[in-house]
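Enquirer: Kindly generate the corresponding structure for this input.
(one chain, ligands or ions: 1)
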Amino acid sequence: MARKTITTQVAIMGAGPAGLMLSHLLYKAGIESTVIEVRSREEIAATVRAGILEHGSVNLLVDSGVSDRVLRDGDEHQGIELRFNGESHHIDFSDLVGESVYLYAQTEVFKDLAERRELDGGDVRYSCSNTQASEFAGRPVVQFTDSEGQEFELQADFLVGADGSRSHCRFQVPEADRKWYFHEYPFAWFGILTEAPKSSKELIYANSEHGFALISQRSDDVQRMYFQCDPKENVGEWDDDRIWAEFRRRVNGNGFELKEGPVIDKMVLPFRSFVHAPMRHGNLFLAGDAAHTVPPTGAKGLNLALNDVKVLFEGLDNYFKSGSTSLLDSYSDRALERVWKAQHFSYWMTTMLHHVPGADEFGRARQLGELNSVISSRHGRAYLAEAYTGWPSK
Ligand code: PHB
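Expert: Below you'll find the model as predicted:
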């Protein structure tokens, strides 16, 4: 079969929440896009990811008409519990900064966006292979093979790499034209899904002498929980009894007990901080995990991705309406400003809450001093609340 040539205004690599949200916003503004994705729609929908949406992310989904399911099926949380020394301390977001977050799994955000794009007749091609992007100095080109084996050459005015943490697009940028910032942590998260009732109304972030644990939720009868582990931990060596014993010693105590149930999924999540700068190379723009990774402790990954595409959309819309490149030119700086705030917040939450292997007694006592200074001061609690619920967008 001969290779077919197709053209569009904006080519988007990656049909995760970032790529689909951008395609949706462009569609609403009358701008054409084609989305190329190597995974199948089913595979993306079945991937377990994090679940906290800042109020700005909720507004973007609802106000742009993707779905209001987040408001009906999501859970609004007015705060979190910080637990250390066996006691929980409530950080009350609504009282401190007048905002809240929604617990709504990233897979649900994906399903809402995928359905909206389908209903609107969007050109989203899942299960593609042999993807190769080039020509960023002029009109970018993406070569790919679709799910039926047909080869294509997609030509566009701009290419957006929203193709996740193992981004193909990012690797096409020559080393001399970008900087990679990288930080590794000496631990990872062991994540489980369990069939159990909720243990708490809100999320619990626990610092214990045995390491960090996070008690999150998915529904009335399925819960999501994590505990800090070694990056090389083997999930096969952990049966339900061993997993629950680990959670109990990190979280239970002083009258609080986790509600336990069968573990239906378990995985080790890598942990790192990464930034690729600038987030633009010629007519290639990077968005979401393709450009940055944050450790999950601050619940920022999906929210940053949605903020990137909101800012990038403004640049593209302005260009196609007026011919001006000014907002495209400022995209990377505007997006990176929030990325670095989120990098700092995620790093701060991580180092404040995790047990650092090999830390001395001073390190442990200092960490408790830090936690105490946060919870005992309205300013400390308000800093956490403002960052967690999401800074106002500029
Ligand atoms: C989750 O529910 O998966 C979750 C929530 C908060 C985080 C990370 C993960 O900080």
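
Enquirer: residues contacting the residue in the stretch 51-200 of the chain that the ligand sits nearest to?
Expert: Distance from the ligand to each residue of the stretch 51-200 of the chain (CB to the nearest ligand atom) is smallest for residue 51, at 3.6 Å. C-betas here are computed from N, CA, C, even on glycine. Listed by CB atoms under 8 Å, 6 or more residues apart in numbering, the contact set of residue 51 reads 103-106, 216-218, 224, 299.

Enquirer: from those residues, which ones fall inside strands?
Expert: In strands, judged by DSSP state E, the following of these are found: 103, 216-217, 224.

Enquirer: So which of those residues reach the ligand?
Expert: 216, 224 (CB under 6 Å from any ligand atom).

Enquirer: now, among the ones in strands among the contacts of residue 51, which is nearest to the ligand?
Expert: The ligand lies nearest to residue 216 out of these, by CB to the nearest ligand atom, at 3.3 Å.

Enquirer: if I look at the closest residue to that closest one other than its chain neighbours, how far off is residue 296?
Expert: Spatial nearest neighbour of residue 216, chain neighbours left out: residue 224 (4.4 Å); criterion: CB to CB, 6 or more residues apart in numbering. Going from residue 224 to residue 296 by CB to CB, to the nearest Å gives 11 Å.

Enquirer: likewise residue 32?
Expert: 35 Å.

Enquirer: Which positions in the stretch 251-394 of the chain make contact with the ligand?
Expert: Going by CB under 6 Å from any ligand atom, the residues of the stretch 251-394 of the chain near the ligand are 296-297, 299.

Enquirer: Who wins on neighbours among those?
Expert: residue 299 (26 neighbours; other CB atoms under 10 Å).

Enquirer: Once you drop chain neighbours, what's closest to that one?
Expert: Per CB to CB, 6+ apart, closest to residue 299 is residue 52, 3.7 Å.

Enquirer: Which strand residues bridge the one you found?
Expert: When bridges are called by DSSP bridges, residue 52 pairs up with residue 103.

Enquirer: Show the contacting residues for it.
Expert: Neighbours of residue 52 in contact, by CB under 8 Å, 6+ apart: 77, 101-103, 203, 299, 302-303.

Enquirer: Adding pLDDT and distance to residue 144, write the residues you listed out as CSV.
Expert: Converted to CSV, the contacts of residue 52 look like this (pLDDT from 0 to 100; distance: CB to CB, whole Å):
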residue, pLDDT, distance to residue 144
77, 98, 40
101, 97, 37
102, 97, 35
103, 97, 36
203, 98, 40
299, 96, 33
302, 97, 25
303, 98, 29
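
Enquirer: okay if I get the residues you listed as CSV plus distance to residue 156?
Expert: As requested, the contacts of residue 52 are exported to CSV (distance: CB to CB, whole Å):
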residue, distance to residue 156
77, 40
101, 35
102, 34
103, 36
203, 41
299, 33
302, 25
303, 27
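
Enquirer: Quick check on those: which are buried?
Expert: Buried members of the contacts of residue 52, scored by 16 or more other CB atoms under 10 Å, are 77, 101-103, 203, 299, 302-303.

Enquirer: Would you state the helices of the protein in chain order?
Expert: Listed in chain order, the helices of the chain (DSSP state H) span 17-28, 41-45, 55-63, 69-73, 93-97, 106-119, 240-251, 301-322, 326-329, 331-353, 361-375, 378-389.

Enquirer: Nearest approach to residue 137 belongs to which of those helices?
Expert: helix 326-329 (14.9 Å; CB to CB).

Enquirer: Deepest-packed of the helices of the chain, please.
Expert: With neighbours defined as mean count of other CB atoms under 10 Å, these peak in mean count at helix 17-28, which reaches a mean of 25.

Enquirer: Now do that one: which elements does it pack against?
Expert: strand 4-13, strand 33-36, helix 106-119, helix 301-322 (3 or more CB pairs under 8 Å, 6 or more residues apart in numbering; DSSP states H and E).

Enquirer: Name the nearest residue to residue 195, ignoring sequence neighbours.
Expert: Nearest non-adjacent residue to residue 195 (CB to CB, 6+ apart): residue 261, at 4.5 Å.

Enquirer: So that neighbour sits against residue 192, correct?
Expert: No. Applying CB atoms under 8 Å as the test, residue 261 and residue 192 come out as separate, 10.1 Å apart.

Enquirer: of these two, who's got more company?
Expert: Using other CB under 10 Å as the criterion, residue 261 and residue 192 rank with residue 192 on top: 22 against 16.

Enquirer: Could you export the helices of the chain as CSV, including distance to residue 142?
Expert: Below are those laid out as CSV (distance: least, CB to CB, whole Å):
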stretch, distance to residue 142
helix 17-28, 13
helix 41-45, 19
helix 55-63, 26
helix 69-73, 31
helix 93-97, 42
helix 106-119, 18
helix 240-251, 43
helix 301-322, 17
helix 326-329, 19
helix 331-353, 20
helix 361-375, 46
helix 378-389, 36
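
Enquirer: Let me know which of those is the nearest to residue 231.
Expert: It is, among the helices of the chain and with distance given as CB to CB, helix 331-353, at 13.7 Å.

Enquirer: got the CA positions of stretch 30-42 in CSV?
Expert: As requested, the backbone C-alpha atoms of stretch 30-42 are provided in CSV (Å, rounded to 0.1, in the frame of the first residue of the first chain):
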residue,chain,number,x,y,z
GLY,A,30,-12.6,25.8,14.9
ILE,A,31,-8.9,24.7,14.6
GLU,A,32,-8.2,21.2,13.0
SER,A,33,-6.1,18.6,14.7
THR,A,34,-5.1,15.0,14.3
VAL,A,35,-4.1,12.9,17.3
ILE,A,36,-1.7,10.0,16.9
GLU,A,37,-1.5,7.4,19.8
VAL,A,38,0.5,4.2,20.0
ARG,A,39,-1.6,2.6,22.7
SER,A,40,-5.1,1.3,22.2
ARG,A,41,-8.0,3.2,23.7
GLU,A,42,-8.8,0.2,26.0
